[in-house]
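Chemist: Show me how the following folds:
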Amino acid sequence: MYDYVIVGGGSAGCVLANRLSASGKYQVCLLEAGPKDSSPFIHMPIGIIPVIRSKVLNWKFFTTPQKNCANRRMLWPRGRTLGGSSSINAMCYIRGHAWDYDHWAELGNEGWSYAEVLPYFRRMENFEPGVDARNAEFHGTGGPLNVAKYRYLNPLMKAFVEAAKQAGYPANDDFNGAQQEGVGYYNVMQKDGARCSNATAFLKPALGRANLTVITDAHAAQILFEGKTATGVRYIQKGRTLEVRASREVILSAGAINSPQLLLLSGVGPRAEIEKHGITMVQELPGVGENLQDHLDIHVTHVDKSRNAISLNPRSLIRSTIDLFRYLFGRGGEFTSNFAQAGGFIKSDDAQPVPDLQWHFVPFIYSNHGQQLLPLFKHYAYTLMTCFLRPESRGKLTLASADPLAPPAIDANYLASERDMEVTLKGLKKAREVMQQAAFKPHSGGALVPEPSVQSDAQLRDYIRANSETIYHPVGTCKMGSDAMAVVDARLRVHGLQGLRVVDASIMPTLVGGNTNAPTTMIAEKASDLILQDAAIGLQHGSVVIHAEAAAAYLET
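Modeler: Numbers count the residues shown, from 1 in each chain. As a prediction, this is how the structure comes out:
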């Protein structure tokens, strides 16, 4: 028996495990389906390719055939270890635009405006580049999550930034500061040249607490209910079915895929979907699994005749060996690279109020999320990736089976909106324009993809349908709100149920304009305060819901 049971030891779960156990007042249990984060490739920044190829550390979900993307089943990597996707991602520290959070508030989610979430972003970070009068409003120091400047910069990164400026885009040295628009270098979630995952930042400092229990290799199978109250979790570990109980709350932090799947398996969601699989109905919530959103990425790749691409190439054995020693004995060199060291945020046209396109620039050829190694070894190349930040298309997640070990059916419904295609097309053209600038002249050996013969809009649309891929930002499947399709309220409590919350990227009503790991961390930081506030005023099993004004008055005193 615990006070709180957290399902999912990923980006959000690690934060909650730390904050809820910090006082020593509450017994906290964290369940993680994957193993401990003991692989050295997790902590070595350039180890992204081995971990993303792993069948142990990566869920390796696949979508259903995407009708607007040449009927392809598309790979969706998601972290399956302590730290979740923060243990396998590219470590780019991006919050999104202030507009995104103000939009959440405008949708009726009280407490989620940019001004209200900014203190949580500041609280969670240790901004290593330095806080001064110019940026003190936006950054914090002393937080668990270390945000660092690059230690090594591939020469191609400098060429990209210069080329983008030649194409007319402004420079920006802090995408999380006063202005997001522009091109520059990403700050990274690293400490002393190693990955600073949420497991490293939040969970490991808390592991010695007597009131925190972490159970790995524990695949959650079902939320347990007594009436409308969540009381625990049934999970599968090494073939055995076990249970843990929660006296206060069960908190789902399993991510935008696993959280809605677990709700459906537990009888919470659309009635037709649940009854189709013979699952006992607990609470009808038609929005569970709906509202799925993701950033779709398209690539422009050129041959690098200067051979400044990544050193992990058989033809660069000497360079690779030198860089390995630089990393092992000084935490320097190319092995500290997150690959996507440079990028930016631009507008698809001047009419846009905020940037709606994002760039990630990498020193290699795209190879299906690192699943195909031959192209990496065959070519010295560099790639500019472009995604539309606020897609209109909405997909959904459903059960493929009532078996909790079976993956769900994921329909991203990419490019269902014509606007999504048109903005992506604009972004592709802008990327090609940047790659043709003079700054790349010493490097470019010509375009690999799209081939130079692909010029018409019709050809480029076909290229997008055949080659676009996820940039790893699925959200929205347990959205926050008060409308008929909302799953949680503004305090992240599941509608119609007691003792159950969802705290992860699935609660985002709309995608933020950027990478989603830092926003997910912020969500968990804010949620930890909400949970502890509710505990302080007795909002737990069997209690009467206190009027909001009375609760606020209590907290003020």
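Chemist: Contacts only, for the closest residue to residue 394 other than its chain neighbours.
Modeler: Nearest residue to residue 394, sequence neighbours excluded (Cβ to Cβ, 6 or more residues apart in numbering): residue 291, at 5.8 Å. For the C-beta atoms, the positions are set from N, CA and C on the backbone; glycine is no exception. Listed by Cβ atoms under 8 Å, 6 or more residues apart in numbering, the contact set of residue 291 reads 394, 396, 476, 477, 479, 485, 509.
Chemist: I figured the fourth one hits residue 408, correct?
Modeler: I take that to be residue 477. No - the criterion here is Cβ atoms under 8 Å, and residue 477 misses it with residue 408 at 9.7 Å.
Chemist: And the two? Which one has more around it.
Modeler: Shown here are residue 477 and residue 408; by other Cβ atoms under 10 Å, residue 477 has more neighbours (32 against 20).
Chemist: quick one on the thing from earlier: now list whatever residues contact both of residue 477 and residue 408.
Modeler: Going by Cβ under 8 Å, 6+ apart, residues that sit against residue 477 and also against residue 408 are 257, 260, 289, 397.
Chemist: Widest-spaced pair of these?
Modeler: Of all pairs drawn from the shared contacts of residue 477 and residue 408, the greatest distance, 9.7 Å, lies between 257 and 289 (Cβ to Cβ).
Chemist: what touches both of those two?
Modeler: Counting by Cβ under 8 Å, 6+ apart, the common neighbours of residue 257 and residue 289 are 397, 408, 477.
Chemist: contacting residues around the second one?
Modeler: Read it as residue 408. Each residue near residue 408 by Cβ under 8 Å, 6+ apart is listed here: 61, 257, 260, 261, 264, 289, 397, 398, 399, 400.
Chemist: so the last one, which of the three states?
Modeler: Think residue 400. Under DSSP: H, G, I helix; E, B strand; the rest coil, the three-state class of residue 400 is coil.
Chemist: how many neighbours does it have?
Modeler: Per other Cβ under 10 Å, the neighbour tally for residue 400 reads 14.
Chemist: swap in the third one?
Modeler: As a burial measure, residue 260 scores 32 neighbours (other Cβ under 10 Å).
Chemist: my read: it touches residue 288, true?
Modeler: Yes - counting by Cβ under 8 Å, residue 288 is a contact partner of residue 260 at 5.2 Å.
Chemist: Find the residues that touch each one of those two.
Modeler: Contact criterion Cβ under 8 Å, 6+ apart; residues bridging residue 260 and residue 288 by contacting each: 269, 477, 478, 487.
Chemist: partners of the first one in the sheet?
Modeler: Spelled out, it's residue 269. Bridge pairing for residue 269 (DSSP bridges) gives the partners residue 284.
Chemist: what about it, distance to residue 226?
Modeler: To residue 226, residue 269 is 19 Å away according to Cβ to Cβ, to the nearest Å.
Chemist: got it, and the last one?
Modeler: Between residue 487 and residue 226 the computed distance is 21 Å (Cβ to Cβ).
Chemist: what about those two, which has more around it?
Modeler: A direct count of neighbours by other Cβ under 10 Å for residue 487 and residue 226 places residue 487 higher, at 30 against 11.
Chemist: Look up the closest residue to that one, ignoring the ones flanking it.
Modeler: Nearest residue to residue 487 in three dimensions, chain neighbours excluded: residue 478, at 4.0 Å (Cβ to Cβ, 6+ apart).
Chemist: same question, residue 110
Modeler: residue 490 (5.0 Å).
Chemist: same deal with residue 339?
Modeler: The shortest distance from residue 339 to any non-neighbouring residue, by Cβ to Cβ, 6+ apart, is to residue 362 (4.8 Å).
Chemist: correct me, but that neighbour touches residue 338?
Modeler: No - using Cβ under 8 Å, residue 362 is not in contact with residue 338, being 9.4 Å away.
Chemist: who has more neighbours, the two?
Modeler: residue 362 (27 against 21).
Chemist: Torsion angles phi and psi at the more buried one?
Modeler: Phi and psi for residue 362, reported as degrees, to the nearest 10, are phi -130, psi 150.
Chemist: Quick check: it vs residue 150, distance?
Modeler: Taking Cβ to Cβ, one finds residue 362 at 14 Å from residue 150.
Chemist: now do residue 159
Modeler: 15 Å.
Chemist: Which one of these two is surrounded by more residues?
Modeler: Per other Cβ under 10 Å, whichever of residue 159 and residue 150 has more neighbours is residue 159, with 25 against 18.
Chemist: that older thread, just the ones of the shared contacts of residue 260 and residue 288 in strands?
Modeler: Here DSSP state E is the test, and these give residue 269 as lying in strands.
Chemist: Where helices are concerned, which of the shared contacts of residue 260 and residue 288 count?
Modeler: Among the shared contacts of residue 260 and residue 288, no member falls in helices (criterion: DSSP state H).
Chemist: would you list the shared contacts of residue 260 and residue 288 in a markdown table and tack on distance to residue 141?
Modeler: Below are these laid out as a markdown table (distance: Cβ to Cβ, whole Å):
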| residue | distance to residue 141 |
| --- | --- |
| 269 | 42 |
| 477 | 35 |
| 478 | 33 |
| 487 | 35 |
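Chemist: Which of the shared contacts of residue 260 and residue 288 sits closest to residue 214?
Modeler: Comparing the shared contacts of residue 260 and residue 288 against residue 214 with Cβ to Cβ picks out residue 478 as the nearest, at 23.6 Å.
Chemist: Can you get me a residue count around the closest one?
Modeler: Counted with other Cβ under 10 Å, the neighbours of residue 478 add up to 32.
Chemist: Likewise for residue 373?
Modeler: As a burial measure, residue 373 scores 12 neighbours (other Cβ under 10 Å).
Chemist: Against residue 73, how distant is it?
Modeler: Counting by Cβ to Cβ, the gap from residue 373 to residue 73 is 20 Å.
Chemist: cool, and residue 330?
Modeler: For residue 330, the distance to residue 73 (Cβ to Cβ) stands at 43 Å.
Chemist: Got the phi and psi for the closest residue to residue 415 other than its chain neighbours?
Modeler: Among residues not flanking residue 415 along the chain, residue 68 sits closest, at 3.9 Å (Cβ to Cβ, 6+ apart). With angles defined as degrees, to the nearest 10, residue 68 sits at phi -100, psi 10.
Chemist: What confidence value was assigned to residue 68?
Modeler: Note on residue 68: pLDDT of 98.
Chemist: now the one 10 residues further on
Modeler: Each residue has a pLDDT score; the one for residue 78 is 98.
Chemist: got a list of what it touches?
Modeler: By Cβ under 8 Å, 6+ apart, the contact set of residue 78 is 58, 59, 60, 61, 84, 85, 255, 257, 472, 474.
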